[in-house]
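[1] What shape does this take:
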Amino acid sequence: MKHNIPDSVIKNYQTMVRKLTPKSPLGSGCLRAFVVGGFICIIGQAATDLSHVYLDLNASEALTFGSVFLVFITALLTGIGVFDRIARYAGAGTVVPITGFANAMVSPAMEFKAEGWVLGTGAKLFTIAGPVLAYGISTAVAVGILYFLIGW
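    Predicted coordinates for the structure are as follows:
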């Protein structure tokens, strides 16, 4: 698409944008994401190991406990406003899949809590999770049917 803006104006604009755009601290951002993400994983592993030893859960149950523990802690920290501060500091480090999913579920619910428990929090709780769960369950059913028919 052709425009009528002179090239000198475009170059001046691009120069101004480059000058005013804040530089992203890539190295320190990656380090913070690595450290915080690793710490989240350590907490999850500790919950799994401790539940295996002290709650006498088998390996499968301990893994489930560790996942549920991370979801609970993330939801709690999101609800009291702490997880957002951690996420601002660590960036992608907090998007360890299960904690990112828990935060994505609770955040919209917290945003609409003023509208009430049912129409606010309850309705918005599955704004993000609903499509993910629907896709996951549908895919699981389709794979199950294929497994049954083909007999993998």
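[2] shaky segments in this structure?
    The model of the chain has pLDDT under 70 over residues 1-3, 112-126, 128, 152.
[3] and the spatially most central residue of it, what is it in contact with?
    Most central in the chain under Cα atoms, centre = their mean is Gly100, positioned 1.6 Å from the mean C-alpha point. Applying Cβ atoms under 8 Å, 6 or more residues apart in numbering, one finds that Gly100 lies in contact with Thr94. In this view, the C-beta of every residue, glycine as well, is placed from N, C-alpha and C.
[4] Tell me how many other residues crowd Ala47.
    A total of 20 residues lie near Ala47 under the criterion other Cβ atoms under 10 Å.
[5] brain fart, Val36
    Each residue near Val36 was counted by other Cβ under 10 Å, and the total is 19.
[6] so it, which of the three states?
    Secondary structure for Val36, judged by DSSP: H, G, I helix; E, B strand; the rest coil, is helix.
[7] Quickly find the element holding the residue nearest to the centre of the chain.
    helix 97-111 (DSSP states H and E).
[8] how far out from the middle of the chain is that helix?
    On the basis of Cα atoms, centre = their mean, to the nearest Å, helix 97-111 is displaced by 7 Å from the centre of the chain it belongs to.
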